[in-house]
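>>> sequence and computational prediction follow.
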Amino acid sequence: MIEAKAEAMRPEALGLDQPVDILNNPDPQSNPEADSAVRPVRPRLVWADPRDLRVHPRQIRKDLGDLSELRDGIAQSGVFQALLGVPGEDGIYITQGQRRRAAAIEAIEQGSPMALEVPVLVHDAMADLTAEQIASMLQENLHRKPLTASEEASGYRQLTLEGWTAEQIVERTGRKKAYVERSLALAKQSAQIQSAVDKGDLTLEDAAEVAAFDGDSAALGRILKKSGTAWGLRHQVASEKRKRRVTETAKKLRAELGKAGVVIVGKPKGFPHSSREAAVKDLRGPEGESLKDTDVRDKPGFAAFIDTSGHDAAVVVICLNPDAHGFKRRGVYSTYVSPTEIARRESEAAKAETFRTALQTAGELRRKFVVETYGNAKAAKSLYVHALRATLSDPALTNGGRDEHELLAGLVGIDPEKVEINDAGEARLVRLLVGRWVAGNERNLNDFLSAPYRFRRELALSWLDRLSDAGYGLSDTESELRDSLTPKPPGQSDRELDEEEDGDDSDDGDPEDATPPLHVVPDGALTEGSDEATPTTAVPRPGAVAHSEDGNDHPLEHATQEDVAA
């Protein structure tokens, strides 16, 4: 059959053994001179073995590309479009049709008789016109426009309408079967997809992949936006497929829930971390028992929503008000606060604010007492040992700060910043040291409100006890603070502790007061260790007076450096 087809293609059989007249001459009686003025030199058509044809020495095309499909087509049907050539010293040189010549040679090598001879239009007049030959090659390669993918697909479809099969199209065109099948599929797709393939935004493989979204212009538009890279498009197609799957699954789940009598709601705002509603799987009953979705989903107070945030749609059964059912949340972090808890917190906050205000108010009166009690030289001497020990063991306590400046000035008698340390006398230095120690204790109490991270419980408790022993009447708030700071014996209840305190009238005094008493000697030197009694061991009360050797009474709060030195 192939041999018969080859014979039918012979020039003699086709009547092509004569020179080709490329211009029609309908009127043989026309003026020969006029005809010769416009008639170009006729090329002659010859049939030649492609292996005898020569590659033009000035050939422009260097890369012939993949010839497999062209070769297979020529092997089946031969060469329909004539090659162009010019005569040379050793044969015909091809100016147009290098790929057809090379593909025909490959077909011959594979045993096809259809390629043994190919048609060649030989331009004898161009034999010595090298520039014209080059221009002809440029024309061939610059102005040849291939069919678009959609045009080719349309041609294949028309062949199928004439009864051709895909296999017949493959045999005749030399195209791969997969290519023909994808082209036939493209012919059935929308103009939007065909246009994207023609522009190079989609390959035929891509077009087959997105065929499922043909007609969904929104989804197709999102896919085409990702067509810049192969993987970007694939990821978008996968995302669109997930959306479709989720939508279809959600529709099915809603139907099942409705049939089971389950109330369907939207996903609660803030679920699952800040919503009142909670997933049944994250709840435990009053006895710590787990709950099952299937047991409670159709009960009052329960509902379900379709969660579409995952890889596929899923049913989440929820309790609308877990607190009302006595359920506890487990297995998920939640910031939800019930109305009851909000009310409790607001009540505690109000109490705390009231306590804070009362403590600040009491602090103003307490500091006034401190200045009246310890703001003189004699009282300062009574606290000197305590202040000195504190300075040596805890220097930070006596560093002071801006908030204590006014208090310290009242304790020292003058602005502490104006005290010249190197020139100050002993009494002034004692008052300055004691003043800093007292101010440090007051600052620690203030830290309970302003800087809890720095507050020292033991120091505050000791200071409140000292003030109480000195005659200061603690306010209710200060008493509450002291009680909260007082450590309770292990295993002893508050009631037992209160009863024990009510029955104990003994006064052991301040443990720090057990230190050796401070004595005043005639030269004003301070010594420790004497067993003699001294009037300075008693803590003075507001309004008390100091009796000096000159017989004059001096109020303690007005005692001066000269009084003490005397």
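In hand now; what should we look at? Numbers count the residues shown, from 1 in each chain.

>>> just the strands in the stretch 201-350 of the chain please.
Using DSSP state E, counting those that start in this stretch, the strands of the stretch 201-350 of the chain run over residues 278-279, 283-284, 302-307, 314-319, 328-329.

>>> so what does the fourth one touch, helix or strand wise?
Same thing as strand 314-319. Judged by 3 or more C-beta pairs under 8 Å, 6 or more residues apart in numbering; DSSP states H and E, strand 314-319 is in contact with helix 230-259, strand 278-279, helix 293-296, strand 302-307. In this view, the C-beta of every residue, glycine as well, is placed from N, C-alpha and C.

>>> of all those, which one comes closest to residue 353?
Ranking the helices and strands packed on strand 314-319 by proximity to residue 353 (C-beta to C-beta) places strand 278-279 first, at 32.2 Å.

>>> neighbouring strands - and their directions - for the closest one?
Next to strand 278-279 in the sheet, as set by DSSP bridges, lie strand 314-319 (antiparallel).

>>> quick one: pLDDT of residue 240?
According to the prediction, residue 240 has pLDDT 87.

>>> ok, the residue lying closest to it once chain neighbours are set aside - contacts?
Using C-beta to C-beta, 6 or more residues apart in numbering and skipping residues adjacent in sequence, the residue nearest residue 240 is residue 219, 4.9 Å away. Residue 219 sits next to 213, 240, 243 when contact means C-beta atoms under 8 Å, 6 or more residues apart in numbering.

>>> one more: residue 246?
Per C-beta under 8 Å, 6+ apart, neighbours of residue 246: 308, 312-313.

>>> closest one of these to residue 159?
residue 312 (43.0 Å).

>>> tabulate the contacts of residue 219 (CSV), appending distance to residue 179.
Converted to CSV, those look like this (distance: C-beta to C-beta, whole Å):
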residue, distance to residue 179
213, 22
240, 26
243, 31
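
>>> now residue 375: phi and psi?
Dihedral pair for residue 375: phi -90, psi 40, per degrees, to the nearest 10.

>>> can you check the pLDDT for it?
On the pLDDT scale, residue 375 gets 91.

>>> and it, how far from residue 420?
Separation of residue 375 from residue 420 (C-beta to C-beta, to the nearest Å): 20 Å.

>>> please apply the same query to residue 66.
Distance from residue 66 to residue 420, by C-beta to C-beta: 101 Å.

>>> quick one: buried residues of the helix or strand hosting residue 387?
Using DSSP states H and E, residue 387 falls within helix 384-393. Judged by neighbour count using 16 or more other C-beta atoms under 10 Å, the buried positions of helix 384-393 are 384-388, 390-391.

>>> please convert these to CSV, extending it with distance to residue 150 and pLDDT.
Conversion of the buried residues of helix 384-393 to CSV gives the following (distance: C-beta to C-beta, whole Å; pLDDT from 0 to 100):
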residue, distance to residue 150, pLDDT
384, 105, 92
385, 105, 92
386, 100, 90
387, 99, 90
388, 101, 92
390, 95, 86
391, 96, 85
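
>>> if we can go back for a sec, most neighbours among the contacts of residue 246, which one?
Most neighbours among these, by other C-beta atoms under 10 Å: residue 313, with 19 neighbours.

>>> I figured that one hits residue 305, correct?
No - if you go by C-beta atoms under 8 Å, residue 313 and residue 305 don't touch, sitting 10.4 Å apart.

>>> residues contacting stretch 151-167, please?
147, 168-169, 172, 177, 180-181, 183-184, 186-188, 194.

>>> same deal with stretch 168-176?
68-77, 156, 159-160, 164, 177, 180, 183.

>>> what of stretch 274-288?
So stretch 274-288 is contacted by 268-269, 271-272, 290-293, 296-297, 302, 316-323, 326-332, 334-336, 338 (C-beta under 8 Å, 6+ apart).

>>> in ChimeraX, how would I select the buried members of those residues?
Buried members of these, identified by 16+ other C-beta under 10 Å, are gathered into one ChimeraX selection as follows:
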select :268,271,272,291,293,296,297,302,316,317,318,319,320,322,323,327,329,334,336
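
>>> helix/strand/coil for residue 414?
Three-state assignment for residue 414 (DSSP: H, G, I helix; E, B strand; the rest coil): coil.

>>> may I have stretch 170-180 exported as CSV, CA atoms only?
Extracted in CSV, the C-alpha atoms of stretch 170-180 (Å, rounded to 0.1, in the frame of the first residue of the first chain):
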residue,chain,number,x,y,z
VAL,A,170,-1.5,10.5,14.6
GLU,A,171,-0.6,8.3,11.7
ARG,A,172,-1.2,11.1,9.2
THR,A,173,0.3,14.0,11.1
GLY,A,174,3.1,12.3,13.0
ARG,A,175,2.0,13.9,16.2
LYS,A,176,2.2,12.0,19.5
LYS,A,177,-1.0,10.3,20.5
ALA,A,178,-1.1,12.2,23.9
TYR,A,179,-0.7,15.5,22.0
VAL,A,180,-3.6,14.7,19.7
